[in-house]
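> Predicted model and sequence follow; I will ask about them next.
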Amino acid sequence: MKHPILWIHGEAVGPSNPALVAHPGRPAVFVFDTALLEGATPAQSLSLKRIGFLYECLLELPVTLRRGDVAEQVLAFAGAHGADGIVTSAATDPRFGGICRQLERHLPLQVLEPEPFVVLEPEPNLGRFSRYWRQAERAVWAQWATAPGPR
């Protein structure tokens with residue numbers, strides 16, 4: 001790929017997103033997923049707090065915001081920019097694989113692995129943030145305690 005677009009999603013909305021780091025200056029898009037915004041049940045939808053958090057994070061990034069079906073919007077963005085592929089970062093969302101398969105029917109897709117926030121043994125339970133954080137918090141603070149201070 002010489003002219004990819006970058007698909008930024010809700011699991012990597014910071015400046016260290018691997019796609020943004022690997023391809024600085026390339027057009028990037030984030031899609032507010034209608035299926036999540038209008039979830040069939042409250043458990044399947046995004047809270048206003050989460051939507052606000054995502055929006056505030058995205059304001060810090062060089063990204064175009066869209067709303068709708070993720071695959072359709074990413075492909076439309078790619079077409080508008082004459083892209084020859086799509087670059088994104090890996091995600092744990094169960095829907096991620098299905099979206100990737102839809103995109104790959106039309107354009108090459110490269111999925112980059114993000115630098116882990118913390119390495120946990122055994123693999124963390126990602127079903128609920130609170131369970132993950134109980135496991136991760138000790139490792140995070142241990143890293144900070146051993147990190148070199150300001151010089």
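It's in.

> longest helix in the protein, by residue count?
When the chain is parsed with DSSP state H, its longest helix is helix 129-146.

> Quick check: mean pLDDT of that one?
The average pLDDT within helix 129-146 is 72.

> repeat for stretch 77-84
Rounded mean pLDDT across stretch 77-84 is 98.

> From the chain's centre, how far out is that stretch? Work that out for me.
20 Å (C-alpha atoms, centre = their mean, to the nearest Å).

> Convert the C-alpha atoms of that stretch to PDB, please.
In PDB, the C-alpha atoms belonging to stretch 77-84 read as follows (Å, rounded to 0.1, in the frame of the first residue of the first chain):
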ATOM      1  CA  PHE A  77     -13.800   7.600   3.000                       C
ATOM      2  CA  ALA A  78     -11.200   5.400   1.200                       C
ATOM      3  CA  GLY A  79     -12.900   6.100  -2.100                       C
ATOM      4  CA  ALA A  80     -13.000   9.800  -1.500                       C
ATOM      5  CA  HIS A  81      -9.200   9.800  -0.900                       C
ATOM      6  CA  GLY A  82      -8.300   7.400  -3.700                       C
ATOM      7  CA  ALA A  83      -6.800   5.000  -1.200                       C
ATOM      8  CA  ASP A  84      -5.200   1.700  -2.200                       C
END
